[in-house]
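What follows is a predicted protein model with its sequence.
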Amino acid sequence: MHVLLNVGGPEQGEPFSAAVLKSLERRLFAEYDADRSGGLDREEIGSLASRLRAPMSDEELDEAMATMDADGEGDVDLEEFAGWFR
């Protein structure tokens, strides 16, 4: 699942610069890493999706975790999250 944000550069709908996108990824990741573990678990991903107005069913969360958790450790680190978010 990819989320299209309706915000951007000076004009609505313009793409974010790479620096702004990276900053946004880090801020979202840090905000939703509630337990400060350095990884987003299934519940934290669900909370983030809801915040982005893209709530997920249990099945969709399972699919998202399987897609994002490239190393299979059971959580999504910042690098994995950034790859998915873009």
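That came through fine. Numbers count the residues shown, from 1 in each chain.

tell me which residues form a beta bridge with the residue lying closest to residue 69 once chain neighbours are set aside?
Distances taken as Cβ to Cβ, 6 or more residues apart in numbering put residue 76 closest to residue 69, at 5.5 Å, once the chain neighbours are dropped. All C-beta spots, glycine's among them, are computed from the backbone N, C-alpha and C. For residue 76, the beta-bridge partners under DSSP bridges are residue 40.

Export only the CA atoms of the lengthiest helix in the chain, formatted as PDB.
As assigned by DSSP state H, the longest helix anywhere in the chain is helix 18-32. C-alpha atoms of helix 18-32 as PDB (Å, rounded to 0.1, in the frame of the first residue of the first chain):
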ATOM      1  CA  ALA A  18      14.200  14.500  -1.400                       C
ATOM      2  CA  ALA A  19      15.300  16.300   1.800                       C
ATOM      3  CA  VAL A  20      11.700  17.100   2.800                       C
ATOM      4  CA  LEU A  21      10.600  13.600   2.100                       C
ATOM      5  CA  LYS A  22      13.400  12.100   4.200                       C
ATOM      6  CA  SER A  23      12.600  14.500   7.100                       C
ATOM      7  CA  LEU A  24       8.900  13.500   6.900                       C
ATOM      8  CA  GLU A  25       9.800   9.800   6.900                       C
ATOM      9  CA  ARG A  26      11.900  10.200  10.000                       C
ATOM     10  CA  ARG A  27       9.400  12.300  11.900                       C
ATOM     11  CA  LEU A  28       6.500   9.900  11.100                       C
ATOM     12  CA  PHE A  29       8.700   6.900  12.000                       C
ATOM     13  CA  ALA A  30       9.800   8.400  15.300                       C
ATOM     14  CA  GLU A  31       6.300   9.600  16.200                       C
ATOM     15  CA  TYR A  32       4.800   6.100  15.700                       C
END
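
quick one on the thing from earlier: residues contacting the residue nearest to residue 69?
39, 40, 41, 45, 65, 68, 69, 84 (Cβ atoms under 8 Å, 6 or more residues apart in numbering).
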